[in-house]
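> Need the 3D shape of this:
(one chain, ligands or ions: 3)
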Amino acid sequence: MEPYRGGKIDGIDKGPELGLWELDLRSEFPLLFVPHKETRSKIPHSEAIDKCSDCAGKGEIVCPTCNADREPGFYKENQMFKCPACYGRGLIAHQDGSDTICKNCSGKGVLPCVTCTSRGLVKCQTCQGEGSVLKRSVAIVKWKTLLTRKVSAASSAASVPEEVFHKAKGVQLCNTQAYQCNPAFFADSYFLNKFSSDVIGDRSPVPPAARIICERHAISVVPVTRVTMAHRNSSFSFYIVGLSRDIYIKDYPKQFCWGLCCCFDWLSI
Ligand SMILES: [Zn+2]
Ligand SMILES: [Zn+2]
Ligand SMILES: [Zn+2]
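Ligands and ions are numbered 1, 2, ... in the order given. Next comes the predicted model:
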């Protein structure tokens, strides 16, 4: 909604208002699989002129300072406020008993309303005094990538959190892209076939107001090496994860520990 200042509008007389799915948004399309994008587009032929409801089409409303809480159309003009400098006397008293005329109110003792100069009315901000507003429909379109991820870790790597696997680099076994992906087929692995169809079966539900543009299905193998270190009677292990060899240490101290715990002992073995 914005003030209507005259001129031509793109209204229903220019053609039928298009439905949301009829809009041509090809120029707005994001790259595939971006996490999020949002655009706002004016819907063609959706403009209309309306009387401003805030001022009932008058372009002015009662002054909120000197006519607060008055019904629209009933207001008082020339409301004055007592001058704060001379407390309404119009004169300023001095130590020696003399008086001078108050400069703040020029001796009147009262001041007009600062908001409306005591007209009682101010310009309506909604229509900027025009009395009419231009309304239009805007389509807010959001693109989103819905993600379903699954990890099947070997039992010896079971204590590595899934997040670590998601971030790690692995060897890609398949990577397909289609409007709707089918489970991958590996001639020699019943396990992978089942894993693939489980992931596809668990795909995120698409909200009713949304449509799918494209799907992608990828499976990667992430190598994990478990290293166990022993020193006297105690031992500890860490994992080397992925092709980029990220290190994962369970319960790694979150803050600098000042060497008071055992972690430095381990590092100096
Ligand atoms: Zn006022
Ligand atoms: Zn005064
Ligand atoms: Zn208005």
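> going forward, measure contacts between C-alpha atoms and count neighbours the same way
Fine.
> residues in contact with residue 175?
If a contact means Cα atoms under 8 Å, 6 or more residues apart in numbering, then residue 175 has 216, 217, 218, 219 as its contacts.
> Quick check on these: which are buried?
Neighbour counting by 16 or more other Cα atoms under 10 Å classes 216, 217, 219 among those as buried.
> residues of the helix or strand where residue 198 lies that come out buried?
Of the helices and strands defined by DSSP states H and E, residue 198 is found in helix 190-201. Of the residues in helix 190-201, 192, 195, 196, 199, 200 count as buried by neighbour count, 16+ other Cα under 10 Å.
> Next to ligand 2 in this structure, residues from the protein, please.
Residues of the chain that fall close to ligand 2, judged by Cα under 5 Å from the ion: 83, 86, 90, 102, 104, 105, 109.
> For whichever residue of the stretch 151-269 of the chain sits closest to ligand 3, give me the pLDDT.
When distances are taken as Cα to the ion, the stretch 151-269 of the chain reaches nearest to ligand 3 at residue 209, 34.7 Å away. What the model reports as pLDDT for residue 209 is 86.
> tally of neighbours for the residue in the stretch 101-250 of the chain that ligand 1 sits nearest to?
For the stretch 101-250 of the chain, the residue positioned closest to ligand 1 under Cα to the ion is residue 116, at a distance of 4.1 Å. For residue 116, the neighbour count with other Cα atoms under 10 Å is 20.
> for it, helix, strand, or coil?
Of the three states, residue 116 takes coil under DSSP: H, G, I helix; E, B strand; the rest coil.
> Same question for residue 13.
With three-state DSSP as the basis, residue 13 sits in helix.
> ok, now which ones touch it?
By Cα under 8 Å, 6+ apart, the contact list for residue 13 reads residue 45.
> Adding secondary structure and pLDDT, write the buried ones among the contacts of residue 175 out as CSV.
Compiled in CSV, those are given as follows (DSSP: H, G, I helix; E, B strand; the rest coil; pLDDT from 0 to 100):
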residue, secondary structure, pLDDT
216, strand, 95
217, strand, 95
219, strand, 95
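> Make JSON lines out of the residues of the chain next to ligand 2 and add secondary structure.
Formatted as JSON lines, the entries for the residues of the chain next to ligand 2 read as follows, by three-state DSSP:
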{"residue": "83", "secondary structure": "coil"}
{"residue": "86", "secondary structure": "coil"}
{"residue": "90", "secondary structure": "coil"}
{"residue": "102", "secondary structure": "coil"}
{"residue": "104", "secondary structure": "coil"}
{"residue": "105", "secondary structure": "coil"}
{"residue": "109", "secondary structure": "coil"}
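> Many thanks, I have nothing further to ask.
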